[in-house]
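**Student:** here is my input, please return the structure:
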Amino acid sequence: MSRTISLDAPLDELLDFAKSRYTVRFEPVAVAGETLDILQIADLEALIDRLAREAGNGQITLPYWAKIWPAAMLLSHFLPHLGPGEGRTLLELGAGVGVCGLFAARRGFDVLLTDINPDALLFSRINILQNGLSDRARVARADFAADRLGRRFDVILGAEVLYMEDLYRGLCKFLLAHIAPDPAAEVVLIKDFTRRAGRFMTLAEKEFHIAERVVGYKETDPGEGRPERKLCQVFRLRPRKQA
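**Tutor:** Now for the predicted structure:
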């Protein structure tokens, strides 16, 4: 597709552009007494079916960015543990539709939402404008395996960014290059307990002090209709050396 749009465009133009690509709807998402309107793809399964038909026998790129993962919701609920947001900066990696970063902005953080996928940035920007957070939140393309943003942050967040082992070394370097030289600065990563990331922790513990916490949640199986208990791991990383 050759058509593009500037993310500086007004909300109505960005929303029209999103609707030209997907069937979308705003849905309320609530965390700790706060509710945000989040633009989402109305039927993700139908989108995947469409992509499969269009690809024929070719390989499709699954729209992982479009799903609000349970880990992202848990990370949003974890934000109060980070302390007050006013006067502090926060970077979210692999932001997708921007849920964690948007709730952080609502708590007063100065937020940069990043992703490698242009549609994720489009949805995040729409969600920023829809919720009146443009004074506290911005978007930027960032490949954490290769890019540098030229600034540091008090907090770095990442939900489900540990799924590709070949990116681990680049991610460690990215975190070190962007965490603020402050004893209170920290990186918070969360992942589903079943996803193994031992190699990342082995790499990261050379540069960071790591504290781990396991958090449980219940998810209803759409087939069974019964809630199923699942686990996520939360990792809080603080640099061993301060610049």
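
**Student:** residues contacting the residue nearest the centre of the chain?
**Tutor:** For the chain, the residue sitting closest to the mean C-alpha position, by C-alpha atoms, centre = their mean, is Ala95 at 2.5 Å. Going by C-beta atoms under 8 Å, 6 or more residues apart in numbering, Ala95 touches Gly101, Leu113, Thr114, Asp115, Ala120, Ser124, Val139. Quick note: C-beta positions are derived from backbone N, CA and C, even for glycine.

**Student:** host element of it?
**Tutor:** Of the helices and strands defined by DSSP states H and E, none includes Ala95.

**Student:** please apply the same query to Cys232.
**Tutor:** Going by DSSP H and E, Cys232 is part of strand 227-239.

**Student:** quick one: end-to-end length of stretch 217-227, please.
**Tutor:** By C-alpha to C-alpha, to the nearest Å, the extent of stretch 217-227 from end to end equals 9 Å.

**Student:** stretch 20-38 now?
**Tutor:** Per C-alpha to C-alpha, stretch 20-38 runs 18 Å from first to last residue.

**Student:** in space, what's closest to the residue nearest to the centre of the chain - neighbours in sequence excluded?
**Tutor:** Using C-beta to C-beta, 6 or more residues apart in numbering and skipping the chain neighbours, the partner closest in space to Ala95 is Leu113 (4.1 Å).

**Student:** what's the neighbour count on the one you found?
**Tutor:** The tally of other residues near Leu113 (other C-beta atoms under 10 Å) stands at 32.

**Student:** ok, and what's touching the helix or strand harbouring it?
**Tutor:** According to DSSP H and E, Leu113 maps onto strand 110-115. For strand 110-115, the external contacting residues (C-beta under 8 Å, 6+ apart) are 65, 88-96, 98, 101-102, 104-105, 121, 124, 128, 133, 136-142, 144, 149, 153.

**Student:** from those residues, which land in strands?
**Tutor:** Thr89, Leu90, Leu91, Glu92, Leu93, Ala137, Arg138, Val139, Ala140, Arg141 (DSSP state E).

**Student:** the third one and Ala104: what is the separation?
**Tutor:** Leu91 sits at a distance of 10 Å from Ala104 (criterion: C-beta to C-beta, to the nearest Å).

**Student:** again, but for the second one
**Tutor:** Here the criterion is C-beta to C-beta. By it, Leu90 lies 5 Å from Ala104.

**Student:** name the residues contacting each of the two.
**Tutor:** Val111, Val155, Leu157.

**Student:** let's have those residues in JSON lines, adding distance to Arg195 and pLDDT.
**Tutor:** JSON lines is the format used below for the shared contacts of Leu90 and Ala104 (distance: C-beta to C-beta, whole Å; pLDDT from 0 to 100):
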{"residue": "Val111", "distance to Arg195": "25", "pLDDT": "98"}
{"residue": "Val155", "distance to Arg195": "22", "pLDDT": "98"}
{"residue": "Leu157", "distance to Arg195": "17", "pLDDT": "98"}
